[in-house]
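In: what would the 3D arrangement of this be:
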Amino acid sequence: MTELRRIVWDWEPVAARLRAVEPLEGFLFQLACRPIAADRQADGKLTLVIGCWLDRARRLLAEEDRRLRLSHRLNALFDDRLQLIVTRWPGGELEADDEDAALLDQALADLGAGIPPDKALPSPAYANPPNPVGDLGPIDEAILAEARKCEGALDRLLFAELVKRGARPVCQFTILNYRLDLALPDRRIAADVDRWQPRTGRRPNEIRTREAALEDEGWTYLTFAGAQVLQDPAGCVKRLLSARPGKGPAPPSGGPLSIGSFRRPPHGRDGRSRGGGRR
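Out: Next up is the predicted model:
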């Protein structure tokens, strides 16, 4: 998640700089795309996954020649070696009304013809990406407050699917010095969205060490690939809910979790205010 956080922080200025050299693509980046995953590979390359909530934007940006050209541009803008993947937004896609669709089509045509962006950009109502929690209908305010703590769009999608199944997940839950994406404290099950593609072969020491430490505390620990969560969130939730519950006392109900190994971090994803701790 550290790599993704860096990309998210830099996204708006990078998209603005991209628009200066690639007007159409930069416009789409700003209008309807956000990063949802970023994984550092063994060869040092960074796999950057962006989700688009407009089908038109996704299809255009996923064209092979355009995607490769954008990867090259982003290499310079992020000062990194990037492989770009374009996919759909975890919260779904927005439907444009006829007027907005016409504005968007005209803007894309103008930008493609080289008309300066400041003369071509409409203001369609696409600015906010769809939120999967918004599809849950009337729900408890406490659940909405908890959903706002999800750090990424894929975490939020998994959270929403759990709520649909009647679970009460907790986001950014801390056990020992590990800050987990999601937890079901009453069952002592915790989970992370680990990386975009499923791991093959032997899992890295970091994951095996974390799993062993959490099991020593009486927790069951699962990891999910981001691509799995996006393609089959219901299947991921089924696996999570069917997992063997951990062994040990459940945390107290009501109020913050603050005893023993049940505690929220004071600052930062890794539970540290200045030093120590692990992700």
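
In: so what touches whatever helix or strand Ala227 lives in?
Out: Ala227 is part of helix 226-231, with elements assigned from DSSP states H and E. For helix 226-231, contacts defined as C-beta atoms under 8 Å, 6 or more residues apart in numbering pick out 36-37, 49, 51, 87-88, 90, 154, 157-158, 193, 195-198, 235-236. All C-beta spots, glycine's among them, are computed from the backbone N, C-alpha and C.

In: so which of those residues belong to strands?
Out: Of the contacts of helix 226-231, the ones assigned to strands by DSSP state E are Ile36, Ala37, Val49, Gly51, Thr87, Arg88, Val193, Arg195.

In: dump the residue contacts of Leu50.
Out: I think there's a mix-up here, since residue 50 is Ile and not Leu. Contacts here follow C-beta under 8 Å, 6+ apart; on that basis Ile50 touches Phe29, Cys33, Arg34, Pro35, Ile36, Leu61, Leu84, Ile85, Val86, Thr87.

In: how far away from the center of its chain is the host helix or strand of Ala190?
Out: Using DSSP H and E, Ala190 maps to strand 189-195. Centre-to-centre, strand 189-195 and its host chain are 12 Å apart (C-alpha atoms, centre = their mean, to the nearest Å).

In: helices and strands around that strand, which ones?
Out: Where contact means 3 or more C-beta pairs under 8 Å, 6 or more residues apart in numbering; DSSP states H and E, strand 189-195 is packed against helix 153-164, strand 178-184, strand 220-225, helix 226-231.

In: average pLDDT across it?
Out: Strand 189-195 shows an average pLDDT of 92 in the prediction.

In: with just CA atoms, put it into CSV.
Out: Provided in CSV are the C-alpha atoms of strand 189-195 (Å, rounded to 0.1, in the frame of the first residue of the first chain):
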residue,chain,number,x,y,z
ILE,A,189,-10.5,-13.0,11.2
ALA,A,190,-8.3,-10.4,9.5
ALA,A,191,-7.6,-9.7,5.8
ASP,A,192,-5.4,-7.6,3.5
VAL,A,193,-5.7,-6.8,-0.2
ASP,A,194,-2.1,-7.7,-0.8
ARG,A,195,-1.3,-6.9,-4.4
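
In: strand partners of it, parallel vs antiparallel please.
Out: In the sheet, strand 189-195 lines up against strand 178-184 (antiparallel), strand 220-225 (parallel) (DSSP bridges).

In: which strands or helices does the following helix or strand past it pack on?
Out: The first helix or strand that comes after strand 189-195 along the chain, using DSSP H and E, is helix 205-216. Where contact means 3+ C-beta pairs under 8 Å, 6+ apart, helix 205-216 is packed against strand 178-184, strand 220-225.

In: starting at the chain centroid, how far to the last one?
Out: What separates the centre of strand 220-225 from the centre of its chain is 15 Å, taken as C-alpha atoms, centre = their mean.
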